[in-house]
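A.B. asks: Provided below are the primary sequence and the corresponding predicted coordinates.
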Amino acid sequence: MKHSWYLYVEYDKKLRQKNKVAIAFMAVSVMILLFTNIVFSNVSHLLENLQQNCRTIMVQVPFKEKYLSMLKAEYAENPDIESVEEHWTGSPIHVETADPDIQKWAGGQYRVQFSEITDAAAKNSRQIKKKAELKENEILVPKYITIYIQMKNPYDVPSAWDDYTRPNLKGEELIGRTLQISFGDETAELVVRGVYDNAEITTAADGIFLSEAMTHRVAQETKTESNFSYHILIKDYEKMKIYQKEISDFAFAHFDTEDTGMDDTGNGWLIVGPAYGVGEQREASLTFINAASVMAGILAVVVMLWVGLGLFLSKVKMLNARGREFALLKAIGYRERQIRGILRMESIMLSAKVAAISGIIVGSLLIVYVGILLIWVNPLFYHVFMPRFQAGILFLTVLIVFLVPLAAYELSARRIKSVSSIEILR
Amino acid sequence: MKIEILNLSKTYNQKDYVLRDFSYTFESGHFYAIMGPSGVGKSTLLHILGLLDEKSSGEIRIDGQTLTVQGEEERADMRLLTFGFVFQEFFLNPKLTVLENVMVPLHIHPEYQGKENWDKKRKRAKELLKQFQIDEYENRYPNELSGGEQQRVGIARALANNPEVILADEPTGNLDEKNEENIFSYLKALTEEGKIVIVVSHNETVKNYADFIITLRKE
Ligand SMILES: Nc1ncnc2c1ncn2[C@@H]1O[C@H](COP(=O)(O)OP(=O)(O)OP(=O)(O)O)[C@@H](O)[C@H]1O
Ligand SMILES: [Mg+2]
């Protein structure tokens, strides 16, 4: 093998140059690999989400943890139901202030609302550290504030709560001012200690950071740390309607809530319904999954055939066309093994290049295809198998694309034996 | 070196003989021309001599020792070290430069193995190109040379391994008169280095250069 390589490089020294190109080629391929992989795995996740979204019923209720345990007790063991889970949505905290500047920002109106930012929402940011430095009565506000205001019109009828962004409203301007927050039946005076960077927090970026101690007080008063909604994942989409009605009835019967609107404290709020626009999403996702899987499948097969056949044929053709070259080498005194060695190296280099590109493309398509198939059969399979086999599928395809031309070479290289110098060089 | 051929015969069907009971002795420092009509077996004789083809019967002795080569690999090694072939159609590798073409036999020569001998190989090849006055074309590709120049590359390649016997089958078949003379005189010059030069040719010009003329006749 080492000897073959040596001979190959000596035989055609330009190959050294070509090898550099090949290495650059492979580096680019690896980047393409990573890129396509990310893109495709995201597509897979999208598909998976679509699937789940179609089967999710959301129950949004006041912030009492017991509701979750009641829902769990009632539905977790139900064979039709896959899971009952809590989802963070907001906070029970409202901020009111008499600060004239804020009132000015709020269009001359009297209320501004922030919600609390939980540690979970800020978990990857530097802001958690800042939070740790807060004294009990201090808060952090966002650098760029989106304020929720309730506009008053001339007839004195409050409008709906709406998010209202003032581009010029910088958190810094609030530093040192006192805001009043209310939660449950309590109120507290809080001083704005500093700002945090919105860009580092992906959710609830318009909220405030409370100190640990204040968070604790709020939690005790409202019996929860955050505002949850509950997601109930139904196994069979066809049963969505039945369960929507049943869970709705259950919630109205057992949760101490009177209406489905929102009161001044944020309590008494109950919504039971599909978490997403179910009907359309189902249709859309199914068509998408169908189309995508068929496309991916066809593409994978076509590319595979193209690569495999193309390489096979070009190898065979090349060996035929090079009969004279081999005959000459034989006449000079090259042993058959040495000629084969040169050819094998040529083949390996070519296959490596081709495998790096086509294998990755085909492999990525296969990953999507297999992923979709798994989701189709059971999303659980996707979760279990995909992370483990993604790399494997890719590796296998690259290997196969690498081996196809090599096999073609091995088959056609047998012809070298029959290359007769006397006939060709006559 | 002395190559004795004794009662050499070649037949493809045990009935019709291409060569029958051919005997001859080739000796160092001489130019031999093999002549005769088409189909008489000139190329066949050359191929058997150069171990490209197998004889049906007879004996070849090299310096008195009967040649008993067994297996294709041993024949290949013998070809590498003892014989250099020159062809009518040159058979240069079009993907390799002139210099690289001349280096092809050196890659497998035992004296030039290993990375450390790379420069030695180049040096040897350049010397040869110089000897045949084509050193200025060393980086060109064969299709950028005239026929005569290509054949000189062919001869340089045949000589690369420093073989004792040069076998040339119609080396001037594709060349005009001027180039023909040129090639023959280069081949002739090799005999002064003590090589055996055996040339198959239809061409009468070869007689001006040959020390011995072997004419094959049909039976
Ligand atoms: N494989 C083979 N099977 C049968 N007959 C063959 C084979 N190879 C060559 N011959 C015959 O052997 C004879 C000698 O061929 P050879 O090539 O040696 O002739 P030549 O003297 O070199 O002719 P030319 O001057 O045309 O090159 C020819 O009649 C040819 O048909
Ligand atoms: Mg002939």
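C.D. replies: On my side now, so go ahead. Please read these numbers as outputs of a predicted model, since none were measured by experiment. Residues are numbered from 1 along each chain as shown, chains lettered A, B, ... in the order given. Ligands and ions are numbered 1, 2, ... in the order given.

A.B. asks: ranges for the strands of chain B?
C.D. replies: B:2-11, B:17-27, B:31-35, B:57-62, B:65-66, B:83-86, B:165-169, B:196-200, B:212-215 (DSSP state E).

A.B. asks: chain A: which of these is closest?
C.D. replies: strand B:83-86 (5.2 Å; CB to the nearest CB). C-beta coordinates here come from the backbone N, C-alpha and C atoms, glycine included.

A.B. asks: mind checking how far the closest one is from the chain centre?
C.D. replies: With CA atoms, centre = their mean, to the nearest Å as the basis, strand B:83-86 stands 3 Å off its chain's centre.

A.B. asks: any residue of that strand touching chain A?
C.D. replies: Yes: using CB under 8 Å from any CB of the partner chain, we find that strand B:83-86 touches chain A at residue B:85.

A.B. asks: what's that strand packed up against?
C.D. replies: If you count contacts as 3 or more CB pairs under 8 Å, 6 or more residues apart in numbering or on different chains; DSSP states H and E, strand B:83-86 packs onto helix B:147-159, strand B:165-169.

A.B. asks: next, the buried residues of stretch A:172-182.
C.D. replies: By neighbour count with 16 or more other CB atoms under 10 Å in any protein chain shown, stretch A:172-182 contains the buried residues A:173, A:174, A:179, A:181, A:182.

A.B. asks: sorry, that was for stretch B:158-170
C.D. replies: B:158, B:159, B:160, B:161, B:163, B:164, B:165, B:166, B:167, B:168, B:169, B:170.

A.B. asks: so the spatially most central residue of chain B bridges to which residues?
C.D. replies: The centre of chain B sits closest to residue B:167, judged by CA atoms, centre = their mean, with a distance of 2.4 Å. Beta-bridge pairing for residue B:167 (DSSP bridges): residue B:85, residue B:198.

A.B. asks: wait, it sits on residue B:83?
C.D. replies: Yes: using CB atoms under 8 Å, residue B:167 is in contact with residue B:83, at 5.8 Å.

A.B. asks: what is in contact with these two at once?
C.D. replies: Listed as contacting both residue B:167 and residue B:83 by CB atoms under 8 Å, 6 or more residues apart in numbering or on different chains are B:49, B:50.

A.B. asks: can you tell me which residues contact residue 72?
C.D. replies: I'll assume chain A. For residue A:72, counting by CB under 8 Å, 6+ apart, the contacting residues are residue A:84.

A.B. asks: that's the other chain; I wanted chain B
C.D. replies: A:335, A:336.

A.B. asks: go again with 6 Å.
C.D. replies: Contact partners of residue B:72, counting by CB atoms under 6 Å, 6 or more residues apart in numbering or on different chains, are absent.

A.B. asks: ok, the residue nearest to the centre of chain B touching residue B:85?
C.D. replies: Yes: the pair residue B:167 and residue B:85 passes the contact test of CB atoms under 6 Å, sitting 5.4 Å apart.

A.B. asks: who's residue A:233 bridged to?
C.D. replies: Bridge pairing for residue A:233 - DSSP bridges - gives residue A:56, residue A:83.

A.B. asks: and it, how many neighbours?
C.D. replies: 16 (other CB atoms under 10 Å in any protein chain shown).

A.B. asks: SS state for the residue nearest to residue A:188 when sequence neighbours are not counted?
C.D. replies: Leaving aside its sequence neighbours, residue A:188 sits nearest to residue A:181 (CB to CB, 6 or more residues apart in numbering or on different chains; 5.4 Å). Recorded secondary structure, residue A:181: strand (DSSP: H, G, I helix; E, B strand; the rest coil).

A.B. asks: who does residue A:181 form a beta bridge with?
C.D. replies: residue A:95, residue A:188.

A.B. asks: doesn't residue A:189 make contact with it?
C.D. replies: No: contact status for residue A:181 versus residue A:189: not in contact, 8.2 Å apart, counting by CB under 6 Å.

A.B. asks: with distance to residue A:367 added, can I get the strands of chain B in CSV?
C.D. replies: Shown next, in CSV, are those (distance: least, CB to CB, whole Å):
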stretch, distance to residue A:367
strand B:2-11, 63
strand B:17-27, 64
strand B:31-35, 67
strand B:57-62, 65
strand B:65-66, 67
strand B:83-86, 54
strand B:165-169, 59
strand B:196-200, 63
strand B:212-215, 72
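
A.B. asks: residue A:363 is nearest to which of the ones you listed?
C.D. replies: strand B:83-86 (48.0 Å; CB to CB).

A.B. asks: which residues of chain B lie near chain A?
C.D. replies: Within chain B, the positions adjacent to chain A are B:47, B:52-53, B:73, B:76, B:79-80, B:85, B:87, B:91, B:93, B:105, B:107-108 by CB under 6 Å from any CB of the partner chain.

A.B. asks: let's see the pLDDT reported for residue 164.
C.D. replies: As the question left the chain open, I've gone with chain A. Per-residue confidence (pLDDT) for residue A:164: 48.

A.B. asks: hm, I was asking about chain B
C.D. replies: 95.

A.B. asks: wait, it sits on residue B:2?
C.D. replies: No: assessed by CB under 6 Å, residue B:164 is found out of contact with residue B:2, at 10.4 Å.

A.B. asks: sketch out the low-pLDDT regions of chain B for me.
C.D. replies: Within chain B, no range satisfies pLDDT under 70.

A.B. asks: up against ligand 1, what does it have?
C.D. replies: For chain B, the residues in contact with ligand 1 (CB under 6 Å from any ligand atom) are B:12, B:18, B:38, B:39, B:40, B:41, B:42, B:43, B:44.

A.B. asks: now, those residues that are in helices?
C.D. replies: Among those, DSSP state H puts B:42, B:43, B:44 in helices.

A.B. asks: what is the burial count for the second one?
C.D. replies: Which is residue B:43. Count around residue B:43 with other CB under 10 Å applied: 21.

A.B. asks: tell me the contacts of the closest residue to it other than its chain neighbours?
C.D. replies: Nearest non-adjacent residue to residue B:43, counting by CB to CB, 6+ apart: residue B:169, 5.5 Å away. If a contact means CB under 6 Å, 6+ apart, then residue B:169 has B:43, B:46, B:88, B:200 as its contacts.

A.B. asks: what's the most distant pair in those residues?
C.D. replies: Of all pairs drawn from the contacts of residue B:169, the one with the longest distance (CB to CB) is B:46 and B:88, at 11.4 Å.

A.B. asks: separation between residue A:323 and residue A:416?
C.D. replies: 9 Å (CB to CB, to the nearest Å).

A.B. asks: what of residue A:210?
C.D. replies: 80 Å.

A.B. asks: just to revisit the earlier point, looking at the contacts of residue B:169, which has the most residues close by?
C.D. replies: residue B:200 (24 neighbours).

A.B. asks: contact partners for it?
C.D. replies: Residue B:200 neighbours (CB under 6 Å, 6+ apart): B:34, B:42, B:46, B:169, B:170.

A.B. asks: the second one is in contact with residue B:33, isn't it?
C.D. replies: It stands for residue B:42. No: between residue B:42 and residue B:33 there is no contact under CB under 6 Å: 10.1 Å.

A.B. asks: my read is that residue B:18 contacts residue B:45, right?
C.D. replies: No: using CB under 6 Å, residue B:18 makes no contact with residue B:45, being 8.6 Å away.

A.B. asks: so for these two, which sits in the more crowded spot?
C.D. replies: Set residue B:18 next to residue B:45 and count neighbours by other CB under 10 Å: residue B:45 wins out with 27 against 20.
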